[in-house]
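Novice: build the 3D model from these lines:
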Amino acid sequence: MKIDLQPGERLDDLNRNGYKIIQNSGKFCFGMDAVLLSGFVLVKPGEKVLDLGTGTGIIPILLEAKTEGRHFTGLEIQKDSADMASRSVEYNNLQHKVEIVTGDIKEASRIFGRASFDVVTSNPPYMKSNHGLKNPDEPKAIARHELLCSLEDLVREASALLRPGGRFYMVHRPQRLIEIITALTKHGLEPKRMKMVHPFADREANMVLIEAVKGGRPMLKVEKPLIVYRAPGEYMQEIYSIYGY
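Specialist: Residues are numbered from 1 along each chain as shown. Here you go, the predicted structure:
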């Protein structure tokens, strides 16, 4: 399908089902964290999935390619990003399986209705709003800092959106792990799986992948760590597999 790109936009190959995605490096492009999250998420046949803060739609599009879920929705507050995501959905002819909605995470349960999804995912801003220098009007700042949505907002809405027994998946920074687990349990989401991501085998973790179950019983499985690089510029085989190479 032919698609008109806006100034600064490019079309990137996702190495899955021939899918491509529109991005603009002057605004915000998806990173490895989103791809690793898509490899950690479990979606069963027929399930409905919502991605909170979907950006350019990378997670819904990858999950549609990798799983047998029934329908995938992405919620994004930034209109330009949501527009790129919608055009990527059209380019890949996924309108029957993937929908992009422009809206605020803090209003997600009102937009979609409570207990309306089997799976909720998110690759949220990692930094608190008062951490580091930033331009609050810049799209990259909104994606990286909790300017429009806090961790508490995200977890509260994820819990409200999930059916009993539904699963919430998130990638975040290990430095905020205590805060994350506290927020999850406060809102009835029991952490069940956790995987640390290390850039190299001898470096400390810089990402954490978490699965939590709505109304689940206490029992956390800490999985084998994921190592990204074998050597500088050379991925481990598991990373190549997640990317689809």
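Novice: which helix or strand in this protein has the lowest average pLDDT?
Specialist: helix 139-144 (a mean of 49; mean pLDDT, DSSP states H and E).
Novice: next SSE after it?
Specialist: helix 151-161 (DSSP states H and E).
Novice: I'd like the average pLDDT over that next one.
Specialist: Mean per-residue pLDDT for helix 151-161: 96.
Novice: quick one: it to chain centroid distance?
Specialist: Chain-centre distance of helix 151-161: 14 Å, with Cα atoms, centre = their mean, to the nearest Å.
Novice: tell me the first helix or strand C-terminal of the helix of greatest length in the chain.
Specialist: Using DSSP state H, we find that the single longest helix of the chain is helix 79-91. Later in the chain than helix 79-91, the nearest helix or strand by DSSP H and E is strand 98-102.
Novice: buried residues in whatever helix or strand comes next after that following strand?
Specialist: Where DSSP H and E defines the elements, the next helix or strand beyond strand 98-102 is helix 108-112. Neighbour counts using 16 or more other Cβ atoms under 10 Å place 108-109, 111-112 of helix 108-112 among the buried residues. No exception for glycine: its C-beta is placed from N, CA and C like everyone else's.
Novice: then stretch 31-43?
Specialist: Buried-residue list, stretch 31-43, by 16+ other Cβ under 10 Å: 32-41, 43.
Novice: mean confidence for the longest helix of the chain?
Specialist: On average, helix 79-91 scores 95.
Novice: pull the distance from that helix to the chain's centre.
Specialist: For helix 79-91, the distance to the chain centre is 16 Å (Cα atoms, centre = their mean).
Novice: ok, stretch 4-16 next?
Specialist: 19 Å.
Novice: do the same with stretch 71-83
Specialist: 12 Å.
Novice: who's in contact with Met219?
Specialist: Residues in contact with Met219 (Cβ atoms under 8 Å, 6 or more residues apart in numbering) are 190, 192.
Novice: any figure for the gap between Lys66 and Tyr19?
Specialist: 11 Å (Cβ to Cβ, to the nearest Å).
Novice: higher neighbour count, the two?
Specialist: Using other Cβ atoms under 10 Å as the criterion, Lys66 and Tyr19 rank with Tyr19 on top: 20 against 16.
Novice: strands along this protein, start to end?
Specialist: Along the chain, the segments classed as strands by DSSP state E run 9-13, 20-24, 48-52, 71-76, 98-102, 117-122, 162-172, 189-198, 207-214, 221-222, 226-227, 229-231, 234-235.
Novice: now these in JSON lines, with distance to Leu151 and mean neighbour count?
Specialist: Formatted as JSON lines, the strands of the chain follow (distance: least, Cβ to Cβ, whole Å; neighbours: other Cβ atoms under 10 Å):
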{"stretch": "strand 9-13", "distance to Leu151": "29", "mean neighbour count": "14"}
{"stretch": "strand 20-24", "distance to Leu151": "26", "mean neighbour count": "21"}
{"stretch": "strand 48-52", "distance to Leu151": "12", "mean neighbour count": "26"}
{"stretch": "strand 71-76", "distance to Leu151": "16", "mean neighbour count": "24"}
{"stretch": "strand 98-102", "distance to Leu151": "21", "mean neighbour count": "20"}
{"stretch": "strand 117-122", "distance to Leu151": "10", "mean neighbour count": "26"}
{"stretch": "strand 162-172", "distance to Leu151": "8", "mean neighbour count": "22"}
{"stretch": "strand 189-198", "distance to Leu151": "12", "mean neighbour count": "19"}
{"stretch": "strand 207-214", "distance to Leu151": "12", "mean neighbour count": "22"}
{"stretch": "strand 221-222", "distance to Leu151": "21", "mean neighbour count": "10"}
{"stretch": "strand 226-227", "distance to Leu151": "22", "mean neighbour count": "19"}
{"stretch": "strand 229-231", "distance to Leu151": "28", "mean neighbour count": "12"}
{"stretch": "strand 234-235", "distance to Leu151": "29", "mean neighbour count": "14"}
